[in-house]
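>>> Pasted the sequence and its predicted model underneath.
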Amino acid sequence: MSVAFVKEESAEAASETHLPDRPVSPHPNLVTEEGLKALERQLEDARKAYEATATIEDVNERRRQAATPLRDLRYYAERVHTAKLMPAPQTTTQVAFGSTVTFSRDDGRVQTYRIVGEDEADPKAGTISYVSPVARLLLGKGVGDVVAMGEQELEIVAVG
C-alpha cells in the first residue's frame with residue numbers, strides 16, 4: 001500500500017490526545033474515611049470513562065475522547081495509592097484533622113467547617129483542607145482560643 005493513502009495524525013491532533021497530568025500536592029495525602037471512599041469512586045468512574053472510549057472506531061477520535069479520562073485515571077490512581085487514612089478525632093477539646101470547628105469572626109459572622117484532606121475540601125459544602133490557612137491556624141486549638149488571621153481574630157466557639 002502506498003504511504004500516500006495512509007491518514008497521518010496532524011501535530012495539532014496529537015497534542016489534543018495527551019493532556020498534562022493534574023498537579024499533585026506536595027503535602028501528605030491525608031484523608032478521612034469518606035474522602036478515601038470518594039477517591040476510590042472517582043478512580044472507578046475514570047476507569048469506566050476510559051474503557052468506554054474503546055468502542056470509538058476512529059483512532060484519532062478515540063485518542064481525543066480518552067485523553068481526559070486517562071489523565072484522571074493517572075491522578076486518582078496516584079491519590080488512592082498515596083492516601084493516608086486518618087482516624088476520626090478522639091476528642092472534642094482540641095481541633096484535629098476530621099474535626100468540625102465553629103468559630104466567630106470580628107465582624108460577627110459565625111462559620112463552621114470540617115477539616116479534611118485536600119481532595120475532599122469544598123468550602124461551600126462546609127469542608128476545608130487541613131493545609132488551608134484557616135485550618136492551619138485552628139489545628140491544635142480549643143474552645144475559647146483566639147487566633148489572629150491577618151487583621152482579624154477568630155474565636156473558636158465549638159469543636160465536634
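Thanks, I have it. Fair warning: this is a prediction, and the values are worked out from it, not measured in the lab.
>>> Now do the contacts for the residue positioned nearest the centre of the chain.
Centroid-nearest residue in the chain: Asp119, 1.6 Å away (criterion: Cα atoms, centre = their mean). For Asp119, the contact set (Cβ atoms under 8 Å, 6 or more residues apart in numbering) comprises Asn29, Val31, Gly35, Ala38, Leu39, Arg79. (Each C-beta comes from the backbone N, C-alpha and C, glycine too.)
>>> got the contact list for the second one?
So the one you mean is Val31. Here Val31 is in contact with Leu39, Ala83, Lys84, Leu85, Met86, Val116, Gly117, Asp119, Glu120 (Cβ under 8 Å, 6+ apart).
>>> Spatially nearest residue to the second one (excluding sequence neighbours)?
If you skip the residues right next to it in sequence, Ala83 has Val31 as its closest partner in space, 4.7 Å away by Cβ to Cβ, 6 or more residues apart in numbering.
>>> where does that neighbour fall, phi/psi-wise?
phi -140, psi 150 (degrees, to the nearest 10).
>>> which residues does it bridge with?
Leu85 (DSSP bridges).
>>> confidence score at it?
In this model, Val31 is scored at 98, pLDDT.
>>> again with Glu155
97.
>>> Highest neighbour count among the contacts of Val31?
Using other Cβ atoms under 10 Å as the neighbour criterion, Gly117 leads the contacts of Val31 with 29 neighbours.
>>> Please tell me how far the nearest residue to that residue once chain neighbours are set aside sits from Ser129.
In space, and not counting its chain neighbours, Gly117 is closest to Val31: 4.2 Å by Cβ to Cβ, 6+ apart. Look at Val31 and Ser129: by Cβ to Cβ, to the nearest Å, they are 11 Å apart.
>>> Could you do Arg79 as well?
13 Å.
>>> ok so, going back, so for Val31 and Ser129, which residues contact both of them?
Val116, Gly117.
>>> Could I get the average pLDDT for the longest helix along the chain?
Secondary structure of the chain per DSSP state H: the longest helix is helix 59-82. Averaged over helix 59-82, pLDDT sits at 96.
>>> Show residues contacting that helix.
The contact list for helix 59-82, computed with Cβ under 8 Å, 6+ apart, reads 9, 13, 16-22, 24, 29, 36, 39-40, 42-43, 45-47, 49-50, 52-54, 56, 119.
>>> Can you tell me which of these end up in helices?
Reading helices off the contacts of helix 59-82 with DSSP H, I get 13, 16, 36, 39-40, 42-43, 45-47, 49-50, 52.
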